[in-house]
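Participant: Generate coordinates for the sequence data below:
(2 chains, ligands or ions: 3)
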Amino acid sequence: MTTSGSDVTVENVVRGVAAGHRGERGALLPVLHAVQAELGYVPQEAIPVLADEFNLSRADVHGVVTFYHDFRREPAGRTVVRICRAEACQALGAQELVDYARAAGLPLGQTTPDGAVTVEQVFCLGNCALGPALEVNGRLHGRVGPAELGALLEGAAAS
Amino acid sequence: MNAHPVKVYVPRDSAARSVGADAVADALQHTADQGGIGIELVRNGSRGMLWLEPLVEVVTPRGRVGYGPVTPADVPGLLAAGMLDGAAHPLRLGIVDELPWLARQTRVTFARIGVTDPLSTADYLEHGGLVGLRAALEREPADVVAEVTDSGLRGRGGAGFPAGIKWKTVLGCADELKFVCCNADEGDSGTFADRMVMEGDPFMLIEGMTIAAHAVGATEGYLYIRSEYPEAVATMRAAIGIAREQGWLGKAVLGSALDFDLHVRVGAGAYICGEETSMLESLEGKRGTVRPKPPIPAIEGLFGRPTVVNNVLTLATVPVVLAAGAAAYQALGVERSRGTQVFQLGGNIAHGGIVETAFGVTLRELVEDYGGGTYSGRPVRTVQVGGPLGAYLPTSMFDLPMDYEAFAAAGAMVGHGGLVVFDDRVDMAAQARFAMEFCAEESCGKCTPCRVGSVRGVEVIDKIIAGEHRDENLALLDDLCDLMTEGSLCAMGGLTPLPVRSALTHFPDDFLGGRRSLEIQPVRATGSRAATTTEGRA
Ligand SMILES: Cc1cc2nc3c(=O)[nH]c(=O)nc-3n(C[C@H](O)[C@H](O)[C@H](O)COP(=O)(O)O)c2cc1C
Ligand code: SF4
Ligand code: FES
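Facilitator: Residues are numbered from 1 along each chain as shown, chains lettered A, B, ... in the order given. Ligands and ions are numbered 1, 2, ... in the order given. Model (predicted):
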């Protein structure tokens, strides 16, 4: 998929982002967040550029990118649904939601072939008194039952 | 249009929004506009009565009258019934401050949360804001440290280390550059108080960090917020901007000799980054692996400099300690657990939310009295206290007082004050397995007992559940737990045996493979409503 055209874009984006954070102490994480916000993921081509910008080895940068669950190596679906699987939501049936999504053809960690939806797990969204909780494109939902999840997934697939 | 528009509060807290507060606010504004009724809509924090959210409050001469939980469809009826005059309606809860659930609490750290507009400086000042900081700036750093020490305030992030002693160490270092880092990673399941502080009273946290900076001689602060909390990130960033404009941060804070500025950093989805040294590594732009101690962060912390690392609740409590004095704070609590703890009731609980009360309250009072038992209406079977590394306690231990030492003596921990309730359908072997699985998933990988032990732990528990050489595998699991407890570098590997062992000790039958069929169905959103409104009425 990588063309020399997109290489230039990734490099430009990364250098632009890094320039915006110059002078900040230990800025690699904020820069990675910003790269992901711009491109939707952290492409492999970004790693040597980041290494150069931060005067680190490629292995160091790669190590940081892969350590954190948030940084994607591939683009996600247009809608990202993150189902909380931590204890408080387990106590209210989080597993049923995961099973429901799987039965709907959306196993955890996978994106639909048309690129519409990605379903992922997350451990605690801070909504533990109103579980089961999940997040759709950064927006929190509480007291979610299978019917509501179904509606959310259908809406996402249609978009 | 009325001459004086009626003030109406609808929370902007993300838990309230997760069950429709934005739609309720829109419906209120829209319906009022259409009827030519003037209202002044304020988006406050949440009172922490989360089962009543969205909780709408109307200012009346008698006080703030609450209605909840409100849906957009209820709004026209509420307005027609005279909600703006505090009139009767099936959703009317009464004067919010007088609701027994709230009135019984001792709200110290949470005194303003849900009451004020989080980003209004006028509200903040009117409700006691900056009194603590002004008092601190008039005093020598060592005096401020002494005040905090005398208050008995211990770290609320889990370990319960006295805040004043930590600060004293940093104050004693001669470095020119020192840092104050606020740990807002709040990764524990069942905890959300840090989030509510940041979304509901951000200036309080800024004030606490500024007092810490003055007390130890720091000039820069970092607030490390987990990425799962986008609203907290946005609110804190907005509040910091406002504080800078007001001269509450930056050069010469409030005209004093203190220069202090504050930056927000966002985590990236790693539970271990809540461990303080791992958080520092992450702030430095590295993998969040745990550093061996010593050196302690107070001496060699962020970028090798002396650093105060405190939890959100710890720092947020400092302003009131300075404003009210150490003695007033110290007067609350029991034994060596002084002041209040912000308990968070979550999981399968009827009345989930924030209960701030003095230490010494029992689990029974929290779960049964405040919590009203389970949300499903089934019997409580267990409560996990203190997050994913905390013990699962049976109801026979419900008279245990919430006290750091009493809990430790009972093989449990208070942690960050989160309680997660489970009903009788819970499979404790599955919960024990999950504890190991979580550790395997979130281990930083630095040491073998944790990295490898947790993976082995999952396998052994699977074998036990499957009935393979059960006795030998139980003995093996016991050994493994010993090894992880003794050999891990940090509490991730060191405490994972706590939930596992507590499940084995208190619920041994579940490991005989018999509970697999009990599935927990998500409770329907609509099912909650009738139950909670009648229960919640004052
Ligand atoms: C695995 C692990 C996770 C932790 N997570 C958090 C957390 O999310 N928030 C927090 O404040 N402290 C957390 N802690 C405790 C911190 O290491 C540290 O003790 C605390 O931030 C110090 O602040 P305090 O003294 O104000 O509690 C964690 C500790 C461990 C071992
Ligand atoms: S116990 Fe686990 S999380 Fe802690 S340092 Fe060791 S490997 Fe890392
Ligand atoms: S455990 Fe699911 S939101 Fe906290």
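Participant: B:Cys439 - nearest residue in space that isn't next to it in sequence?
Facilitator: In this structure, B:Cys439 finds its nearest non-sequential neighbour in B:Ser454, 3.7 Å apart by C-beta to C-beta, 6 or more residues apart in numbering or on different chains. Quick note: C-beta positions are derived from backbone N, CA and C, even for glycine.
Participant: what number of residues lie near B:Gly217?
Facilitator: If you count neighbours by other C-beta atoms under 10 Å in any protein chain shown, B:Gly217 ends up with 18.
Participant: likewise the one 5 residues further on?
Facilitator: Around B:Tyr222 there are 24 other residues, counting by other C-beta under 10 Å.
Participant: how much space between the most centrally placed residue in chain A and A:Arg78?
Facilitator: Centroid-nearest residue in chain A, with C-alpha atoms, centre = their mean: A:Asp70, separated by 5.2 Å. A:Asp70 sits 18 Å away from A:Arg78, taking C-beta to C-beta, to the nearest Å as the criterion.
Participant: Same question for B:Tyr124.
Facilitator: Counting by C-beta to C-beta, the gap from B:Tyr124 to A:Arg78 is 40 Å.
Participant: Mind telling me which residue of chain A is nearest ligand 1?
Facilitator: As assessed by C-beta to the nearest ligand atom, ligand 1 sits closest to A:Cys124 within chain A, at 9.9 Å.
Participant: What count of nearby residues applies to the residue of chain B found nearest chain A?
Facilitator: Closest residue of chain B to chain A, C-beta to the nearest C-beta: B:Gly352 (2.8 Å). Number of residues near B:Gly352 (other C-beta under 10 Å) recorded here: 32.
Participant: more crowded one of B:Tyr124 and A:Arg78?
Facilitator: B:Tyr124 (26 against 17).
Participant: quick one, what contacts the closest residue to that one other than its chain neighbours?
Facilitator: Closest residue to B:Tyr124 apart from its sequence neighbours, by C-beta to C-beta, 6+ apart: B:Phe203 at 4.8 Å. Going by C-beta atoms under 8 Å, 6 or more residues apart in numbering or on different chains, B:Phe203 touches B:118, B:121, B:124, B:129, B:239, B:242-243, B:248.
Participant: In helices only, show me the residues you listed.
Facilitator: If you go by DSSP state H, the contacts of B:Phe203 have B:121, B:124, B:239, B:242-243 in helices.
Participant: B:Glu186 and B:Ala193: what is the separation?
Facilitator: Counting by C-beta to C-beta, the gap from B:Glu186 to B:Ala193 is 8 Å.
Participant: scratch that, B:Arg364
Facilitator: As defined by C-beta to C-beta, B:Arg364 lies at a distance of 21 Å from B:Ala193.
Participant: quick one on the thing from earlier: correct me if wrong: the residue of chain B closest to chain A contacts A:Leu130.
Facilitator: Yes: with contacts counted by C-beta atoms under 8 Å, B:Gly352 reaches A:Leu130, the gap being 6.8 Å.
Participant: For the residue of chain A closest to ligand 1, grab the count of nearby residues.
Facilitator: By the criterion of other C-beta under 10 Å, A:Cys124 has 28 neighbours.
Participant: element containing it, please.
Facilitator: Here A:Cys124 sits in a region with no helix or strand, counting by DSSP states H and E.
Participant: Please name the residues that touch it.
Facilitator: Neighbours of A:Cys124 in contact, by C-beta under 8 Å, 6+ apart: A:84, A:86, A:88-89, B:187-191, B:228.
Participant: Repeat that for B:Arg64.
Facilitator: Contacts of B:Arg64 (C-beta under 8 Å, 6+ apart): B:9, B:57-58, B:95-97.
Participant: Residue numbers of the stretch 301-450 of chain B in contact with ligand 2?
Facilitator: Neighbours of ligand 2 within the stretch 301-450 of chain B, by C-beta under 6 Å from any ligand atom: B:443-447, B:450.
Participant: Whichever of the residues you listed end up buried, select them in ChimeraX.
Facilitator: Selecting the buried subset of those in ChimeraX, with 16 or more other C-beta atoms under 10 Å in any protein chain shown as the burial test, is done by:
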select /B:443,444,446,447,450
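Participant: I'd like the residues of the stretch 301-450 of chain B next to ligand 2 laid out as CSV, including pLDDT.
Facilitator: Shown next, in CSV, are those (pLDDT from 0 to 100):
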residue, pLDDT
B:Ser443, 97
B:Cys444, 97
B:Gly445, 96
B:Lys446, 96
B:Cys447, 96
B:Cys450, 97
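Participant: and stretch B:97-105, how far from the chain's centre?
Facilitator: 20 Å (C-alpha atoms, centre = their mean, to the nearest Å).
Participant: before we move on, back to that, more neighbours: B:Arg364 and B:Ala193, which one.
Facilitator: Shown here are B:Arg364 and B:Ala193; by other C-beta under 10 Å, B:Ala193 has more neighbours (28 against 15).
Participant: so that one sits right up against B:Gly415, yeah?
Facilitator: No: under the criterion of C-beta under 8 Å, B:Ala193 is not in contact with B:Gly415, lying 11.6 Å apart.
Participant: before we move on, the earlier item: give me the common contacts of B:Gly352 and A:Leu130.
Facilitator: Residues touching both B:Gly352 and A:Leu130 (C-beta under 8 Å, 6+ apart) are B:50-51.
Participant: could you say what helices and strands the longest helix along chain A packs with?
Facilitator: Ranked by residue count, the top helix of chain A under DSSP H comes out as helix A:4-20. On a contact count with 3 or more C-beta pairs under 8 Å, 6 or more residues apart in numbering or on different chains; DSSP states H and E, helix A:4-20 meets helix A:28-39, helix A:46-54.
Participant: of all the ones you listed, which lies closest to A:Pro113?
Facilitator: Counting by C-beta to C-beta, A:Pro113 lies closest to helix A:28-39 out of the helices and strands packed on helix A:4-20; the figure is 21.1 Å.
Participant: Just the mean pLDDT for the closest one, thanks.
Facilitator: Averaged across helix A:28-39, the pLDDT comes to 97.
Participant: again, but for stretch B:313-332
Facilitator: 96.
Participant: Could you tell me the end-to-end distance of that stretch?
Facilitator: 16 Å (C-alpha to C-alpha, to the nearest Å).
Participant: and the residue in chain A that chain B sits nearest to, what does it touch?
Facilitator: Per C-beta to the nearest C-beta, A:Ala129 is where chain A lies closest to chain B, at 2.8 Å. When contacts are counted by C-beta under 8 Å, 6+ apart, A:Ala129 touches A:88, B:15, B:50-51, B:192, B:344-346, B:349, B:352-353.
Participant: of all the residues you listed, which comes closest to B:Leu512?
Facilitator: Using C-beta to C-beta, A:Ala88 comes nearest to B:Leu512 of those, at 26.4 Å.
Participant: Please report the number of neighbouring residues for the spatially closest residue to that closest one that is not a sequence neighbour.
Facilitator: Once flanking residues are discounted, A:Ala88 sits nearest to A:Cys128: 3.5 Å by C-beta to C-beta, 6+ apart. Close neighbours of A:Cys128, defined as other C-beta under 10 Å, add up to 32.
Participant: Quick check: phi and psi on the residue of chain A most remote from its centre?
Facilitator: Largest separation from the mean C-alpha position in chain A: A:Gly23, at 27.1 Å (C-alpha atoms, centre = their mean). Dihedral pair for A:Gly23: phi 90, psi -10, per degrees, to the nearest 10.
Participant: sorry, back to before: on the three-state scheme, the residue nearest to the centre of chain A is what?
Facilitator: What DSSP: H, G, I helix; E, B strand; the rest coil gives for A:Asp70 is coil.
Participant: thinking again about what came up before, ok, the closest residue to the residue of chain A closest to chain B other than its chain neighbours - contacts?
Facilitator: Once flanking residues are discounted, A:Ala129 sits nearest to B:Gly352: 2.8 Å by C-beta to C-beta, 6+ apart. Going by C-beta under 8 Å, 6+ apart, B:Gly352 touches A:128-130, B:50-51, B:345-346, B:371, B:375.
Participant: ok, the residues you listed vs ligand 3, which is closest?
Facilitator: After measuring the contacts of B:Gly352 against ligand 3 - C-beta to the nearest ligand atom - the closest member comes out as A:Cys128, at 3.4 Å.
Participant: average pLDDT across the helix or strand hosting B:Ala23?
Facilitator: Using DSSP H and E, B:Ala23 falls within helix B:21-34. Across helix B:21-34, pLDDT averages out at 97.
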